[in-house]
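1. Here is my input; please provide its structure:
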Amino acid sequence: MLRFLRPLSRGTTYTRLLHLWVPMLVVSVWLFIDMSTPWVPALVLVPLGLVPAVRRGEGVQARLLLTPGEAEPGISESPSATWRDRWRTVLWLQLRMALGAAAVFATVWMLGTAFELARCAWARAPAGIPLLDRLPPHRGWALLTPLPLLALYGAVVGLGELVTVCARRLLGPSAAERLAALEERTEQLLERTRIARELHDSIGHALTVAVVQAGAARAAGDPEFTDRALEAIEETGRAALEDLERVLGVLREAGRPVSARPTLADAGRLLESSRASGAKVDAEVTGPVAGVPGPVSREGYRILQEALTNVLRHAGAVPVRVRVAVTGDVLALEVRNPLPGPIPGAGRGSGLRGIRERAALLGGSARTGPDEGDWQVRAELPMS
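-> Below is the predicted model:
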């Protein structure tokens with residue numbers, strides 16, 4: 001019983017009824033002017049529905065009154081972009097008026113019927129409602145008085161559900177709007193993935209350098225070496241804080257340009273940081289690196305950063321060969337280091353996967369794994 005009466009406690013039930021009544025106000029005004037042409041309001045709705053902005057207004061009103069509080073109601077708030085959307089709006093306006101008329105009729109008829117049954121139960125003559133004006137006064141009619149109210153309750157809830165379903169079908173997003181929403185969602189997911197990579201690469205590199213430097217300083221027991229290690233930790237930590245601030249800036253300001261992110265022009269600090277951690281880095285840069293497009297240069301920096309981080313994390317202070325070459329329309333990056341032990345299987349860590357994903361997003365390719373006794377990270381990124 002409580003479940004049956006639950007819609008009475010929901011505000012949506014009454015806002016939907018209000019939504020059904022609104023078009024009847026215009027019809028009532030017209031009928032007050034000329035009752036001989038009740039079809040005129042429905043005719044006027046045809047050219048009105050063809051106006052693109054009308055669809056937006058109907059969508060806003062439907063979301064506020066039919067689906068209040070729903071995050072994804074499936075009702076568009078955009079103006080009509082195609083003729084199909086315009087004709088769907090026309091059909092919606094006609095259907096809304098028809099359902100509104102049914103709601104008004106049900107409200108007036110059912111309330112009037114309940115009132116007349118109550119009058120007959122109190123031994124008073126009916127007031128002239130058709131089919132009820134012949135009822136004889138009798139107290140037994142009091143037992144039937146709740147029936148019209150229950151019918152009205154069912155009509156209000158049913159018509160509210162029906163108009164909501166129709167709104168989702170006729171005012172729902174078009175194929176173009178759904179595609180645009182899907183593209184926006186995809187961009188958001190890609191942005192979140194990129195931010196996760198930024199944090200992993202930057203903070204992971206800084207923590208790796210700090211751990212390696214601290215361990216080396218403790219094992220060396222040399223005050224001079226400890227000073228150099230602390231200086232390297234300080235420099236790396238400061239750079240990581242700058243990178244973290246850039247990434248958080250993306251979260252705070254969605255429209256902030258990414259030009260502030262480090263590029264291959266800043267690769268020197270990565271090489272010096274690795275050298276300060278004990279690695280013997282042999283770097284060779286060929287070609288016009290400064291002319292590499294911004295997106296390619298930024299992703300190349302991150303790939304190089306992750307590759308050097310993996311060397312320090314898994315191999316330690318070993319010789320590292322870094323090759324950066326710009327040939328034609330391709331940026332080639334290669335990082336090689338001797339394997340400290342048995343050759344491992346294919347890398348499955350998030351860092352190596354991130355390198356391959358970065359290269360794939362730019363239309364390039366990346367290879368990570370053993371090669372002739374070394375561990376190799378090689379990426380080729382197209383610049384056009």
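2. Could you use CA atoms for every contact and neighbour count after this?
-> Fine.
3. now the helix or strand hosting Gly268: how far from the chain's centre is it?
-> Element membership of Gly268, judged by DSSP states H and E, is helix 267-276. Taking Cα atoms, centre = their mean, to the nearest Å, the mean C-alpha location of helix 267-276 is offset from the chain mean by 38 Å.
4. Confirm that Leu331 sits in a helix.
-> No - using DSSP: H, G, I helix; E, B strand; the rest coil, the secondary structure at Leu331 is strand, not a helix.
5. can you give me the helices in this structure?
-> Counting by DSSP state H, the chain has helices at residues 2-5, 11-33, 40-49, 52-65, 83-121, 146-170, 175-220, 223-252, 267-276, 294-310, 350-361.
6. Reformat those into CSV and put distance to Glu380, mean neighbour count and mean pLDDT next to each item.
-> Formatted as CSV, the helices of the chain follow (distance: least, Cα to Cα, whole Å; neighbours: other Cα atoms under 10 Å; pLDDT from 0 to 100):
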stretch, distance to Glu380, mean neighbour count, mean pLDDT
helix 2-5, 64, 8, 72
helix 11-33, 58, 17, 86
helix 40-49, 55, 15, 88
helix 52-65, 48, 20, 91
helix 83-121, 46, 19, 88
helix 146-170, 48, 18, 91
helix 175-220, 19, 16, 72
helix 223-252, 24, 17, 73
helix 267-276, 17, 18, 83
helix 294-310, 9, 22, 86
helix 350-361, 7, 18, 81
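7. For Ala332, which of those helices is the nearest?
-> helix 294-310 (8.8 Å; Cα to Cα).
8. So which other helices or strands are in contact with that closest one?
-> helix 175-220, helix 267-276, strand 330-338, helix 350-361, strand 374-382 (3 or more Cα pairs under 8 Å, 6 or more residues apart in numbering; DSSP states H and E).
9. relative orientation of that helix and strand 330-338 in degrees?
-> For helix 294-310 against strand 330-338, the angle by axes from the mean of the first three to the mean of the last three Cα atoms, to 10 degrees is 0 degrees.
10. Please export the C-alpha coordinates of helix 294-310 as PDB.
-> Extracted in PDB, the C-alpha atoms of helix 294-310 (Å, rounded to 0.1, in the frame of the first residue of the first chain):
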ATOM      1  CA  GLY A 294      55.300  21.300 -29.600                       C
ATOM      2  CA  PRO A 295      53.200  18.200 -29.000                       C
ATOM      3  CA  VAL A 296      55.800  15.800 -30.400                       C
ATOM      4  CA  SER A 297      58.600  17.500 -28.400                       C
ATOM      5  CA  ARG A 298      56.600  17.400 -25.200                       C
ATOM      6  CA  GLU A 299      55.700  13.700 -25.600                       C
ATOM      7  CA  GLY A 300      59.300  13.000 -26.600                       C
ATOM      8  CA  TYR A 301      60.500  14.600 -23.300                       C
ATOM      9  CA  ARG A 302      58.200  12.400 -21.300                       C
ATOM     10  CA  ILE A 303      59.300   9.200 -23.100                       C
ATOM     11  CA  LEU A 304      62.900  10.100 -22.500                       C
ATOM     12  CA  GLN A 305      62.100  10.800 -18.800                       C
ATOM     13  CA  GLU A 306      60.400   7.500 -18.300                       C
ATOM     14  CA  ALA A 307      63.200   5.600 -20.000                       C
ATOM     15  CA  LEU A 308      65.900   7.200 -17.800                       C
ATOM     16  CA  THR A 309      63.700   6.600 -14.700                       C
ATOM     17  CA  ASN A 310      63.500   2.900 -15.600                       C
END
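11. Quick one: closest of the helices of the chain to Leu331.
-> helix 294-310 (8.1 Å).
12. Can you name the residues in contact with the closest one?
-> For helix 294-310, the external contacting residues (Cα atoms under 8 Å, 6 or more residues apart in numbering) are 198, 201-202, 204-205, 208-209, 259, 261-264, 266-267, 270, 274, 333, 335, 351-352, 355, 358-359, 362, 377, 381-383.
13. Not counting its neighbours along the chain, what's nearest Ile75?
-> Leaving aside its sequence neighbours, Ile75 sits nearest to Gly172 (Cα to Cα, 6 or more residues apart in numbering; 4.4 Å).
14. Settle this for me: the one you found is touching Pro79, isn't it.
-> No - the criterion here is Cα atoms under 8 Å, and Gly172 misses it with Pro79 at 11.5 Å.
15. who's more crowded, these two?
-> Each of Gly172 and Pro79 has its neighbours counted (other Cα atoms under 10 Å); Gly172 has more, 21 against 18.
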